[in-house]
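>>> quick one, what's the 3D model for this:
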Amino acid sequence: MYLIAILVFLMLLLVGLLLLPLEVYLNTGTNEYWARWRGLVRVRVEGDPENILRIRLQAFFRNFYFYPLKARPTHKPADTEKKKQKRKSSRKRPGFRKIIRILRTFRVRELTLYLDTGNFPLNAKLYPAFALLNGRLGNFNCNFEGRNQLVVHLENRPLRLLKSFINN
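The predicted model follows:
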C-alpha cells in the first residue's frame, strides 16, 4: 500500500514538474536578466561593484551567489600533472533541424525593440518597416532620441522540450 502511494506521489510530482513553465527574461533598458522555473528556481544576472558580475540563484527560500568572473586559484603540483589524451566524443552534435524544433517550442510573451541607429536616413527607412511589424510580432519603435532597448520574455514548458526531442 505504501509503495503504491509513493509511486503515485512520484508520478504526480514528475507530471507537475513537466507542466511548470520555464521563463527567460532579458531587458537591456533596466539591465534585468533572469531565468526561472516558476515556483522552484530563479537565476538572475546582477551587477556587482567588486567583481563586475554575479549570478544569484534563488532556490528553496535561499539565495546562493556565484561569481563567474572571479579568478580561481589553480595550483597543481608539476609532478602529478598528466597529459590528457583527447578522446573523440561519442555524442553527436544536434542537427540544424533539431535546434529549430527546440526554438519553435518557445512562446514569446513580450518582444519590444526601441532602436536608434544614429543615422537619420536609415532610421527613416526603418520607420515604415517597424510600423508594419508593430503589433503583429511585438512592439517595434524606431526613434531619433538615442534610445536603444530590447525586451524579450520567453516561456516554455519542459513537456514541449521533451516532445521536441522525442518527435522526429
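
>>> tell me where the model's unsure across the protein.
Along the chain, segments meeting pLDDT under 70 span 76-90, 168.

>>> can you give me the strands in it?
Along the chain, counting by DSSP state E, strands occupy 22-27, 32-37, 41-48, 52-59, 62-66, 107-115, 139-142, 149-156.

>>> from the contact counts, what lies against the first one?
With contacts taken as 3 or more Cβ pairs under 8 Å, 6 or more residues apart in numbering; DSSP states H and E, strand 22-27 sits against strand 32-37, strand 149-156. C-beta here means a position set from N, CA and C on the backbone, and glycine is covered the same way.

>>> what's the single longest helix in this structure?
helix 2-19 (DSSP state H).

>>> what sits up against that helix?
If you take Cβ atoms under 8 Å, 6 or more residues apart in numbering as the criterion, helix 2-19 is touched by 157-159, 162.

>>> please report phi then psi for the closest residue to residue 163 other than its chain neighbours.
Closest residue to residue 163 apart from its sequence neighbours, by Cβ to Cβ, 6 or more residues apart in numbering: residue 105 at 7.7 Å. Here is the backbone geometry of residue 105 (degrees, to the nearest 10): phi -80, psi -20.

>>> wait, what's in contact with residue 105?
Shown in contact with residue 105 (Cβ under 8 Å, 6+ apart): 156, 160-161, 163-164.

>>> now do it against residue 6, distance only.
Residue 105 sits 32 Å away from residue 6, going by Cβ to Cβ, to the nearest Å.
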